[in-house]
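Novice: Here's my sequence, what's the structure:
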Amino acid sequence: MADLPLDLWGDITDPWSYVAKRRVEAAVMASERPHDIVLVHHALPGAAVTRDELRRVAVAARPDGIDIAVTEPPDADTTDAHRLVALGLTLGGPALQGAMLERLYAAVFTEGLDVSSHRILQRLAAEAGLEEHRVGDVLASSERSAEVAADVAAARDGDVTETPCLVVDHHARLGGPASAEAYLALIAGRTTV
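Specialist: Alright, predicted model coming up:
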């Protein structure tokens, strides 16, 4: 079987995107052929979250192993963080990209860190496994900005208007937060022979 592409659009300061990442990963692992699935993350700035919404997500995220400890909605320019997520994909494929994104989500929602700070981003990227000198090069330039802009443009062209949004095999889509079971059903519907 050829690889089954999964494209997950989200934003680093959107708690539902964090939940969706975990639930999509759980769905992939529960699928019949997890080794045939390629999950790639894409940047899409989301709407600002309210305090009430953040509290609701914190409760909903607990069963997924996510500890949302912050009480104030995050407010940071995530452009550079998204560029490092794109760098992770280039340097190590979907696995390294996923590790970088996971580290950023934990930094934002558990540790309350400012992911617009280059100093903090440098440390988080190293902890996720990205090459330190490459991270420094990216942060000192506009490198990887084209990938982030391309994600936003692809979302617009594909009528992806909300975060999170999962697109399976370039066709089937599920927008907004969903359960791992709903993601699995969508994936399974595209993997039947």
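Novice: Pop out the phi and psi values for residue 173.
Specialist: Torsion angles at residue 173 (phi, psi; degrees, to the nearest 10) stand at phi -140, psi 150.
Novice: dump the residue contacts of the nearest residue to it once chain neighbours are set aside.
Specialist: Computed as C-beta to C-beta, 6 or more residues apart in numbering, the closest residue to residue 173 that is not its neighbour in sequence is residue 167, at 4.7 Å. Quick note: C-beta positions are derived from backbone N, CA and C, even for glycine. Residues counted as contacts of residue 167 (C-beta atoms under 8 Å, 6 or more residues apart in numbering) are 6, 7, 8, 9, 158, 160, 173.
Novice: In its sheet, which strands sit next to the helix or strand where the fourth one lies, and in what direction?
Specialist: Put plainly, it is residue 9. Residue 9 belongs to strand 4-10 when assigned by DSSP states H and E. Next to strand 4-10 in the sheet, as set by DSSP bridges, lie strand 37-43 (parallel), strand 165-168 (antiparallel).
Novice: Give me the contact list for the helix or strand that comes right after it.
Specialist: Following strand 4-10 in sequence order, the next helix or strand is helix 15-30 (DSSP H and E). Helix 15-30 is contacted from outside by 6, 8, 10-11, 34, 37, 39, 41, 46, 49, 53-54, 57-58, 60-61, 64-66, 68, 98, 101-102, 105, 109, 163-164, 166, 176-181, 183-184, 187, using C-beta under 8 Å, 6+ apart.
Novice: Appreciated, that's everything.
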